[in-house]
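> what follows is a predicted structure for the sequence shown.
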Amino acid sequence: MKVLLLLLLSPLQGVGVSGRQEDFRFCGDRNQTENSSVIYEHSSANISIENTAQALVIRSPFLADRTTPSYQYSLPTTLGRYRFCIYWFKANRTLWLAYGKKSFFLGHDPADGIARGLEKTKASILNVSYVFKGQKNTSLESASEYLFPVPPEMMPVWKQDVEDELAALDGLLARVPSAGSTAQRSLRHKLRALERTLAQVELEEQNQTFGKAALRATVLSISPTQAPQHLAFASPKEENREVQGFAVDLPSSLFVMAKRKEEEVVEHRVLLVDINSQAMFQDENSSHILGDKVVGISLVDTVVANLSEPVVLTFFHNRLPRNVTPLCVFWREDGTASSGNWDSYGCTTVEGDTRTDCRCNHLTYFAVLMVSSPEISYLHRDSLSIITYIGCLISALASISTIFFLYFRSKQRDQITSMHIHMNLLGAIFLLDFTFLVSEHLASSSSQAACRAGGLFLHFSLLSCLTWMGIEGYNLYRLVIEVFNAYHDHFLLKLCLVGWGLPFFCVMLILLANWTNYGPFYIPVYESIGGRSTNATICWLTSPLIHNVVNLGFFSVVFLFNLVMLGAMIREILRQNKKGHKLKHVLALFGLSILLGIPWALVFFSFTSGVFRLVSLYIFTIVNSLQGFLIFLWYWTMVLQAKKSSDFHGSSDSVKLQPNSSQSHPG
């Protein structure tokens with residue numbers, strides 16, 4: 001009863017702070033026998049509580065302003081027994097003292113002055129207990145002084161700690177300007193550690209920037225008590241750089257969302273990381289970003305996505321070349337964080353002469369990707385698209401018609417192997433035309449699986465065309481050089497295994513290496529009217545590197561092979577033919593070889609510029625999109641010419657040079 005009465009009568013019942021989970025709490029009873037005060041001082045690594053009749057002295061490493069070594073606060077003048085509690089909240093970097101019904105924000109609230117030369121009469125603290133976050137509440141015996149070592153994870157972070165981390169990371173970036181995947185993973189790990197440090201650093205002002213020009217970090221502190229509003233920030237101007245600086249405009253909806261997720265936060269922290277190096281953000285395509293400038297934007301302890309208002313990030317830069325167009329992208333890591341790639345999803349690009357605005361609905365690391373755009377107007381682009389679609393449709397119909405004719409003609413059993421080779425090549429052309437025509441429609445569907453299958457089948461058809469083109473060249477060489485009807489066991493079966501098996505093996509290898517290698521491929525399309533920017537989408541290889549290595553490499557081998565075959569065949573005919581028909585056979589072989597490879601060589605001229613490039617694009621598009629139809633015309637021309645010849649059924653030379661409709665189709 002005596003204890004109950006004491007608790008009811010004394011003004012001591014400590015009013016704690018809100019119900020948030022504290023990282024450290026110390027509570028006890030103090031007998032106040034005279035007017036006294038609270039003294040708060042900085043210590044290096046310990047929390048200590050010392051009680052005297054004249055003052056309650058609290059020391060900790062959490063002092064925000066270390067230029068002021070000591071604070072003094074007056075305690076209530078009413079004497080008696082008081083319950084007090086000390087709370088440390090690491091997330092908010094706040095140290096509270098609840099003393100009776102009075103609270104003190106230690107190190108922040110206005111102090112009464114600096115304590116000097118106080119007399120010390122030690123007095124015990126009663127009913128003591130303490131707890132660290134994640135541990136059990138522990139009671140202690142009465143004493144006048146207590147000392148608690150602070151765990152390393154609770155230690156505050158100061159400006160110099162951040163500067164040291166930035167300097168170390170900057171040094172690594174300077175030493176490895178082009179890092180491999182392992183080095184990139186290590187660098188990004190250090191970058192995430194830097195973000196955690198920035199989230200905890202003690203700020204000397206509301207907005208504070210750390211680091212130097214090569215690698216800078218800025219922390220913006222926003223009080224949640226303020227009405228949500230747009231927050232703007234502009235970086236210092238950087239002279240003699242491709243990107244002179246950037247500006248960020250954060251919408252009010254960002255802070256409304258953060259407040260809704262965590263109602264009791266003391267401050268919002270926005271982290272801006274300015275990196276002038278692409279070393280830790282290199283994708284497998286070796287993409288080039290504007291000025292090697294990467295800007296990271298994040299809200300501490302909050303994942304920001306699908307904002308109703310966009311975050312606007314503006315890059316200020318020099319004028320860009322005519323054939324280069326900026327595209328706003330963000331860094332997307334894979335599931336294991338071992339690698340990543342640049343992606344434009346959720347971002348809109350607004351292009352200006354000397355600035356590029358990126359409007360994105362999420363926060364992460366952003367950059368401006370330099371995309372090489374064709375030096376042709378939108379009128380030429382539309383014309384080329386119409387030619388391609390009409391040509392592919394005609395080519396597909398002509399190919400299937402020629403296949404049916406060859407199938408029935410092969411029953412005559414003359415040159416059956418050659419006829420079957422022609423049929424396989426035309427079948428590959430038909431598949432390529434068909435898959436190309438449906439690819440864009442598959443890309444516009446919502447099914448990722450269907451688009452990946454379409455991209456894989458389109459690539460398989462292209463490689464099949466190239467392979468059968470090489471087989472046609474070899475077969476023609478075999479007919480002319482090996483002379484007459486040399487027999488090989490299961491020759492056609494072996495050719496089919498190569499013609500269809502090799503492309504199948506290639507696409508399966510690419511798919512198994514990474515199933516995302518096939519899918520929607522976005523081709524930036526830039527209009528000169530209205531400054532619009534859109535993406536043309538096709539189901540294809542998503543990796544430009546694989547496209548260049550596999551497709552261009554594959555064609556280069558076939559093209560060079562057919563050139564060698566052509567030279568050998570022409571020389572052999574000129575050497576052996578004694579009937580005076582050299583010119584006719586040479587022209588037939590040359591025309592056939594053009595269908596086999598020459599039009600495809602125009603693809604190499606796409607790397608040029610100006611009028612020559614435009615002319616080569618038109619020739620390439622017309623000839624290759626109509627390839628099946630041209631083979632159809634060439635075949636029937638040869639048939640009609642053979643019917644007019646008196647030796648149509650007897651001449652071995654005519655038999656050998658019967659229409660070898662051989663070529664493939666543009667991809």
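Cool, the structure landed.
> following the strand or helix carrying residue 396, which helix or strand shows up next?
Here residue 396, judged by DSSP states H and E, is contained in helix 378-409. Once helix 378-409 ends, the next helix or strand along the chain (criterion: DSSP H and E) is helix 416-444.
> any buried residues in that following helix, and which?
417-436, 439-440, 442-443 (16 or more other C-beta atoms under 10 Å). Using the backbone N, CA and C atoms, a C-beta is placed for each residue, glycine as well.
> how about stretch 182-194?
Within stretch 182-194, the residues that qualify as buried by neighbour count (16+ other C-beta under 10 Å) are 183-185, 187-188, 191, 194.
> state the mean pLDDT of it.
Average pLDDT, stretch 182-194: 85.
> for residue 97, which residues are in contact?
Contact partners of residue 97, counting by C-beta atoms under 8 Å, 6 or more residues apart in numbering, are 38, 58, 84-87, 103-104, 106.
> correction: the previous question concerned residue 481.
Shown in contact with residue 481 (C-beta under 8 Å, 6+ apart): 568-569, 572.
> I only care about these that end up buried; give me the ChimeraX line for that.
Only the buried entries of the contacts of residue 481 go into this ChimeraX selection, using 16+ other C-beta under 10 Å:
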select :569
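> can you put the contacts of residue 481 in JSON lines and add distance to residue 201, secondary structure and pLDDT?
Output for those, formatted as JSON lines (distance: C-beta to C-beta, whole Å; DSSP: H, G, I helix; E, B strand; the rest coil; pLDDT from 0 to 100):
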{"residue": "568", "distance to residue 201": "74", "secondary structure": "helix", "pLDDT": "79"}
{"residue": "569", "distance to residue 201": "76", "secondary structure": "helix", "pLDDT": "75"}
{"residue": "572", "distance to residue 201": "80", "secondary structure": "helix", "pLDDT": "74"}
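> got the contacts of residue 481 as a markdown table, with distance to residue 164 columns?
What follows is the contacts of residue 481, written out as a markdown table (distance: C-beta to C-beta, whole Å):
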| residue | distance to residue 164 |
| --- | --- |
| 568 | 70 |
| 569 | 72 |
| 572 | 76 |
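> and the contacts of residue 481, which is closest to residue 405?
Taking C-beta to C-beta as the measure, residue 405 sits nearest to residue 569 out of these, at 25.4 Å.
> the closest one - nearest residue in space that isn't next to it in sequence?
Distances taken as C-beta to C-beta, 6 or more residues apart in numbering place residue 480 nearest to residue 569, at 4.7 Å, with adjacent residues excluded.
> can I assume the one you found sits in a strand?
No. Assessed with DSSP: H, G, I helix; E, B strand; the rest coil, residue 480 is helix; it does not lie in a strand.
> test my guess that it contacts residue 571.
No. In this structure, residue 480 is not within contact of residue 571 by C-beta atoms under 8 Å, at 10.0 Å.
> among these two, which residue is more densely surrounded?
residue 480 (20 against 11; other C-beta atoms under 10 Å).
> ok, back up a step: narrow the buried residues of stretch 182-194 to those in helices?
183-185, 187-188, 191, 194 (DSSP state H).
> in TSV, list those along with distance to residue 447.
Formatted as TSV, these follow (distance: C-beta to C-beta, whole Å):
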residue	distance to residue 447
183	38
184	33
185	33
187	37
188	33
191	36
194	41
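> quick check, nearest of those to residue 385?
The shortest approach to residue 385 among those belongs to residue 184, at 38.4 Å (C-beta to C-beta).
> any idea of the pLDDT on the closest residue to residue 222 other than its chain neighbours?
Using C-beta to C-beta, 6+ apart and skipping the chain neighbours, the partner closest in space to residue 222 is residue 268 (4.3 Å). Listed pLDDT for residue 268 reads 79.
> now residue 235
Value listed for residue 235 in the pLDDT field: 90.
> got it, and the one 4 residues further on?
Each residue has a pLDDT score; the one for residue 239 is 80.
> ditto for residue 502
At residue 502 the predicted local confidence, pLDDT, stands at 95.
> thought it was touching residue 463?
Yes. Judged on C-beta under 8 Å, residue 502 makes contact with residue 463 at a distance of 7.4 Å.
> and the host helix or strand of residue 160, what does it pack against?
Element membership for residue 160, per DSSP H and E: helix 159-175. Where contact means 3 or more C-beta pairs under 8 Å, 6 or more residues apart in numbering; DSSP states H and E, helix 159-175 is packed against helix 181-200, strand 207-211, strand 215-222.
> so can I have CSV of those showing distance to residue 300?
Listed next are the helices and strands packed on helix 159-175 as CSV, based on distance: least, C-beta to C-beta, whole Å:
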stretch, distance to residue 300
helix 181-200, 4
strand 207-211, 14
strand 215-222, 9
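> and those: which comes nearest residue 143?
Comparing these by their distance to residue 143 (C-beta to C-beta), the top pick is helix 181-200, with 31.8 Å.
> any low-confidence regions in the stretch 1-150 of the chain?
Along the stretch 1-150 of the chain, the parts satisfying pLDDT under 70 run over 1-20, 63-68, 92, 109-118.
> where exactly do the helices run in it?
2-9 (DSSP state H, counting those that start in this stretch).
> which parts of it are strands?
For the stretch 1-150 of the chain, the strands defined by DSSP state E, counting those that start in this stretch occupy 24-32, 37-42, 46-51, 55-60, 70-74, 80-89, 94-99, 102-105, 126-132, 138-140, 145-149.
> list of residues touching the last one?
So the one you mean is strand 145-149. Against strand 145-149 from outside (C-beta under 8 Å, 6+ apart): 24, 26, 45-51, 122, 125, 128, 130, 140.
> enumerate the positions of the one helix or strand residue 330 maps to that are buried.
Element membership of residue 330, judged by DSSP H and E, is strand 324-333. By 16+ other C-beta under 10 Å, the buried positions in strand 324-333 come out as 325-331.
> tell me, how many residues neighbour residue 149?
Here the count is done by other C-beta under 10 Å, and residue 149 has 9 residues near it.
> quick revisit: which other helices and strands contact the strand holding residue 330?
With contacts taken as 3+ C-beta pairs under 8 Å, 6+ apart, strand 324-333 sits against strand 340-343, strand 347-351, strand 355-360, strand 365-372, strand 518-526.
> mean pLDDT added to these, as CSV?
Below are the helices and strands packed on strand 324-333 laid out as CSV (pLDDT from 0 to 100):
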stretch, mean pLDDT
strand 340-343, 85
strand 347-351, 91
strand 355-360, 94
strand 365-372, 85
strand 518-526, 69
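> can I get these in a markdown table including distance to residue 450 and mean neighbour count?
Formatted as a markdown table, these follow (distance: least, C-beta to C-beta, whole Å; neighbours: other C-beta atoms under 10 Å):
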| stretch | distance to residue 450 | mean neighbour count |
| --- | --- | --- |
| strand 340-343 | 21 | 19 |
| strand 347-351 | 25 | 17 |
| strand 355-360 | 28 | 20 |
| strand 365-372 | 27 | 21 |
| strand 518-526 | 10 | 18 |
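> so which of these is nearest residue 494?
Nearest of the helices and strands packed on strand 324-333 (C-beta to C-beta): strand 518-526, 28.7 Å.
> check residue 440 and give its pLDDT.
Checking the pLDDT column for residue 440, the value is 77.
> I'd say it and residue 520 touch.
No. Taking C-beta under 8 Å as the definition, residue 440 is not a contact partner of residue 520, at 10.2 Å.
> pull up the overlap in contacts between these two.
537-539.
> looking at the residues you listed, spot the one nearest residue 459.
residue 539 (9.6 Å).
> appreciated, that's everything.
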